[in-house]
Structure formats: C-alpha cells, structure tokens
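> Here you go, sequence then predicted model.
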Amino acid sequence: MTEFIPPGSRFLDLPSPLPVKRGGLLHGARIAYETWGELDAAGDNAILILTGLSPDAHAAAHDDDPAPGWWQAMLGPGKPIDTDRWYVVCVNSLGSCKGSTGPASPHPDDGQPWRLRFPDLSLEDVADTAALVVRALGIERLACVIGNSMGGMSALSLLLRHPGLARSHVNISGAARALPFSIAIRSLQREAIRLDPNWNDGDYDDATYPESGMRMARKLGVITYRSALEWDGRFGRVRLDSDRRDDEDPFGLEFEVESYLEAHARRFVRRFDPNSYLYLSRSMDWFDIGEPVGGDTDAGLARIEVEKALAIGVETDILFPLQQQRQIAEGLRAGGADARFLPLPSPQGHDAFLVDIERFGPAVAGFLAGI
C-alpha cells in the first residue's frame, strides 16, 4: 500500500526503539509535520494543531506546498489563525499513512509494510509523539493547542501527559472519551473493511486493495459527519437523471444522496490505507481521559493544567454531541482553567468546523486574540 505524503512535509525521526502505551516497540519511526509563520524571539507564539482521523499535516498552503490545505480558510495571514502573529505547527498523527509511521510504512527489518505487525496504537501515543515534535522545534511552551475531532481527544491527552506544555486550549468537536454510539459506528466501519476478502488479514497491496470495504466504511463515516438537516436541505428526495442510473442493476443508485456518497467514497478510498484506518479508529474507541483515575472522566479533565480553554460544539453533531464539549469545558473549569463552552447552531454536523468558517472563524479568532 502506498503512503501519501504532501510535498511540503517535514519529518522528525523519533527515538528508536520507541515504546508505545499498550505494549510493543517502534523502530525507525518518524512524524510528519508542517509549519507556518515564524517563531518569535521569546518562543511564546506557537500553536499546535492536532487533526482528525484522516487529514494530513497540510492544513494550509505555504511556500513549500502551495496547494490548498484541509483548513485553508482558517489558517494563514489575516485569517482566524493568523500566521502573521502565530507560528503554527500541524502534525500528522502517528499511525497515519500521510507521512508519519503507520501500518503502511516500511518495516525497518525487511522493507515491507508494517501491516498488522504495527503495535496497538493509542491516542496517548499520538499525543506523546506530537509533544516530541514541539520540543524538537525548540518550543518550551505552546501558546495554544487546537484539536479537531479525534485531534480534540489527542489534545486532551497531550495536556494531561505533558503538564505545562500549553497555556491554552481550543477543543473543537472533540471528546474526553468515546461514547457508545460513536464506538458502534466505528465498529461497523472496521467490520466492513475486515469482511472485504481483499483485506486478507491486513496483507494486501495496491493491486488487491479492499476497495469495497473502504467504500462502505467511508460512507458510514460521511453519514455521521453531517446532519439529517443538511442531508434533507441539500438533497431532499431528488432522483438521478436517467442517464446517470444503471438500469441493469435493479437496486443500484437512484437518489442524488446515494450518488454523492458513492462519489465521495471513491475519492477517498485509494487515498487512505485501510490498516491505518483500523488502527486509528480503534484508538478513538479506547480513549478515556479518566483512565488514569479509575475511569472518572470528569476527574481526569480536572487534572489538566491549562490557563484558558474554549470547547466548541455543534448542535447538529451526532458523532461528538454537544454534551461532550460541555463536559470538557466543565471539567477543565473544575481544574482551575478559565474555560468556556460554545455551542454553535450550524446545520452541517460534525464536519462543520471544516466548512462553516463563518461561525467557527470568529470563535477561534476571538479566543486567540485574548491569550
């Protein structure tokens, strides 16, 4: 399976061997990251961005890679995360296939992909390796760590495991632990991949890629990333034109929403490694910030040392519902932080932070202006 590495990526070679939380060692591992702006003389204007499951480190265009990034509207000169003021670092998560070491990366012993030889991955490992990047860049303390979706989980872990590494935190559509509904959805996604005969216990290549399983997994994900309100407003019950239907398949695509899901899935599947998807998905299910204190999530949040925080959620998010961002704000406040919860009325569900910049931009910019 091919790795997909943005041309502007930089890399940090990790200590070798590197022990991981749930047991096992990584040899010859690295983390991919990208940067924007300049670190000031005091070294106190740095922001770290931690991503969701599938994005790479290319959050926005820069001189080494002018292609638009996945958060292009939020990050850059004069934008809500203003790179004229901030030195911004975005890392690709350990376990991904976008430059950081993961199941698709070559194993140092034989050059073949790690595949299922990759050790069990936790978000604590994602957090710890991101912290190594921060330290390697000469940053003693971040002005802020921003985490989106899975990145919100990773950010909480980083703040707990590395006290004092950041002054403030923005948690966007994140969670302090996985809820049963989210676990159930991700379980079905993993099952779809594993039941594809081409998955072959993780032993596949580009010619035998488990495309059907990944298509189904991605479709399930996309359905939960947006809201029923948006699906209805965007597609309604509009049917496909006759020249876009397959009349030879009596149960084939018939509605516009089906066509959208199919096209979206096909754009994604060959751009992401199925084993990486399995590992990262499971790491989210395992995560609970309260694990070190007997599973008390609120107590785990209260142990985090941060001066100021903002937890942003979306009213139509079914995957990471508002109750989870409210819990983050209340837990951080119990630990002494000046923490605020901001629910937004976006119709676009969990993915709103990627597309509803009119709402998210001012919220993030306003918070950063006050730190």
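That came in fine, so what should we check first?

> Can you get me a residue count around the closest residue to residue 298 other than its chain neighbours?
Of all residues not flanking residue 298 in the chain, residue 331 sits nearest, at 5.0 Å (C-beta to C-beta, 6 or more residues apart in numbering). The way it works is simple: take the backbone N, C-alpha and C, and place the C-beta from them, glycine included. Applying the criterion other C-beta atoms under 10 Å, we find 25 residues in the vicinity of residue 331.

> Kindly report the same for residue 138.
Here the count is done by other C-beta under 10 Å, and residue 138 has 9 residues near it.

> Would you agree residue 216 is in contact with residue 192?
Yes - under the criterion of C-beta atoms under 8 Å, residue 216 makes contact with residue 192 at 3.9 Å.

> Buried ones in whichever strand or helix holds residue 217, by neighbour count?
Here residue 217 is covered by helix 211-225, with elements defined by DSSP states H and E. Going by neighbour count (16 or more other C-beta atoms under 10 Å), the buried part of helix 211-225 is 211-221, 223-225.

> got these as JSON lines, with pLDDT columns?
JSON lines is the format used below for these (pLDDT from 0 to 100):
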{"residue": "211", "pLDDT": "96"}
{"residue": "212", "pLDDT": "97"}
{"residue": "213", "pLDDT": "98"}
{"residue": "214", "pLDDT": "98"}
{"residue": "215", "pLDDT": "97"}
{"residue": "216", "pLDDT": "98"}
{"residue": "217", "pLDDT": "98"}
{"residue": "218", "pLDDT": "97"}
{"residue": "219", "pLDDT": "97"}
{"residue": "220", "pLDDT": "96"}
{"residue": "221", "pLDDT": "96"}
{"residue": "223", "pLDDT": "95"}
{"residue": "224", "pLDDT": "95"}
{"residue": "225", "pLDDT": "95"}
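
> Going by distance to residue 188, which of those residues wins?
Distance from residue 188 was checked for each of the buried residues of helix 211-225 by C-beta to C-beta. The minimum falls on residue 220, at 5.8 Å.

> Return the residues in contact with that closest one.
Residues in contact with residue 220 (C-beta atoms under 8 Å, 6 or more residues apart in numbering) are 185, 188-189, 192.

> elements contacting the lowest-mean-pLDDT helix or strand in the chain?
Across the helices and strands of the chain, mean pLDDT, DSSP states H and E gives its lowest value to helix 228-235, namely a mean of 90. Packed against helix 228-235 by the contact rule (3 or more C-beta pairs under 8 Å, 6 or more residues apart in numbering; DSSP states H and E) you find helix 256-269.

> Could you give the separation of the helix it packs on from the chain centroid?
For helix 256-269, the distance from its own C-alpha centre to the chain's C-alpha centre is 21 Å (C-alpha atoms, centre = their mean, to the nearest Å).

> okay, the angle between that helix and helix 211-225?
Helix 256-269 and helix 211-225 meet at an angle of 120 degrees, taking axes from the mean of the first three to the mean of the last three C-alpha atoms, to 10 degrees as the criterion.

> Convert the C-alpha atoms of helix 256-269 to PDB, please.
Listed next in PDB are the C-alpha coordinates belonging to helix 256-269 (Å, rounded to 0.1, in the frame of the first residue of the first chain):
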ATOM      1  CA  GLU A 256     -28.800  12.100  -5.600                       C
ATOM      2  CA  VAL A 257     -27.700  11.500  -2.000                       C
ATOM      3  CA  GLU A 258     -26.600   7.900  -2.900                       C
ATOM      4  CA  SER A 259     -24.600   9.300  -5.800                       C
ATOM      5  CA  TYR A 260     -23.000  11.800  -3.600                       C
ATOM      6  CA  LEU A 261     -21.900   9.200  -1.000                       C
ATOM      7  CA  GLU A 262     -20.600   6.900  -3.800                       C
ATOM      8  CA  ALA A 263     -18.500   9.700  -5.400                       C
ATOM      9  CA  HIS A 264     -17.200  10.900  -2.000                       C
ATOM     10  CA  ALA A 265     -16.200   7.400  -1.000                       C
ATOM     11  CA  ARG A 266     -14.500   6.700  -4.300                       C
ATOM     12  CA  ARG A 267     -12.400   9.900  -4.000                       C
ATOM     13  CA  PHE A 268     -11.300   8.800  -0.500                       C
ATOM     14  CA  VAL A 269     -10.600   5.000  -0.700                       C
END
